[in-house]
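K.L.:
Sequence unavailable; structure follows:
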């Protein structure tokens, strides 16, 4: 059987070319041909899921404060694009493209993409929101018909987390949604390729892959797919190809697609 091509996943959108987690970054990623979009989701003080990586908005906006302590209206008043060079894309001058991005708006973008585009959604949350992020996420996915293995548009969703407990909640409530256990370091108790209960796909960082390539072989031998983050350098793309990983998560989807002969 011919192996499937490596899936190219746009990390926070085409985040090398546009401000991360903005509509501009995800529109660019779709235009560049990315197979999937990766995003982080956090819960606002009034219960909305927004695409923001950090606990606080200080690094990626002109505001300050924790996402969980701010209501959506306060976040919507902030500029999430000015920290990156505006001259690189005229779209950044449009408020719509640099305002805080809700997961709902991102799901609308995927629904209107005109082709199948998968989503890889990473759950982020402070302890006091334990369970609520997953609950709101699954509710929203169901609204968009993305809680099943196959959808009318051909897109699919997987949920990722560094928290095994978060993935267990997803697996218990929606067992058909694939889950990805993210790893920054080699898990000592799982060196043989096992993953925590509720996790079906391994998500090692590229540094782990460079330092322990044999671990990828063990994961595959244990029957797990491997999705590697964040792969930006050509030599790292080559390594992932050599190891037979199933997905590359990158800030540079256009360049990676070209390197894979799909540009």
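P.N.:
Structure's in. What do you need? Keep in mind that what you see is a predicted model, and the values were worked out from it rather than measured. Residues are numbered from 1 along each chain as shown.

K.L.:
Is residue 16 in contact with residue 251, as I believe?
P.N.:
Yes. Contact criterion C-beta atoms under 8 Å: residue 16 and residue 251 qualify, at 4.3 Å. Where C-beta positions appear, they are placed from N, C-alpha and C, glycine not excepted.

K.L.:
what residues are shared contacts of these two?
P.N.:
With contacts taken as C-beta atoms under 8 Å, 6 or more residues apart in numbering, residue 16 and residue 251 have residue 232 as neighbours in common.

K.L.:
quick one: contacts for residue 78?
P.N.:
Residue 78 neighbours (C-beta under 8 Å, 6+ apart): 57, 61-63, 99-100.

K.L.:
ok, of these, which come out buried?
P.N.:
Among these, the ones that count as buried by 16 or more other C-beta atoms under 10 Å are 57, 61, 63, 99-100.

K.L.:
host element of residue 122?
P.N.:
strand 118-123 (DSSP states H and E).

K.L.:
Can you give the distance from that strand to the centre of its chain?
P.N.:
Chain-centre distance of strand 118-123: 4 Å, with C-alpha atoms, centre = their mean, to the nearest Å.

K.L.:
right, and the helix or strand after it?
P.N.:
Scanning forward in sequence from strand 118-123 by DSSP H and E, the next helix or strand is helix 132-143.

K.L.:
can you state the direction angle for that next one and strand 118-123?
P.N.:
Put simply, helix 132-143 runs at 160 degrees to strand 118-123, going by axes from the mean of the first three to the mean of the last three C-alpha atoms, to 10 degrees.

K.L.:
Could I get the full set of strands for the stretch 51-200 of the chain?
P.N.:
Assigned by DSSP state E, counting those that start in this stretch, the stretch 51-200 of the chain shows strands spanning 118-123, 157-161, 179-183.

K.L.:
Now render the ones you listed as TSV, adding mean pLDDT, distance to residue 12 and mean neighbour count.
P.N.:
Shown next, in TSV, are the strands of the stretch 51-200 of the chain (pLDDT from 0 to 100; distance: least, C-beta to C-beta, whole Å; neighbours: other C-beta atoms under 10 Å):
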stretch	mean pLDDT	distance to residue 12	mean neighbour count
strand 118-123	98	10	23
strand 157-161	97	13	24
strand 179-183	98	14	23
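
K.L.:
That'll do, ta.
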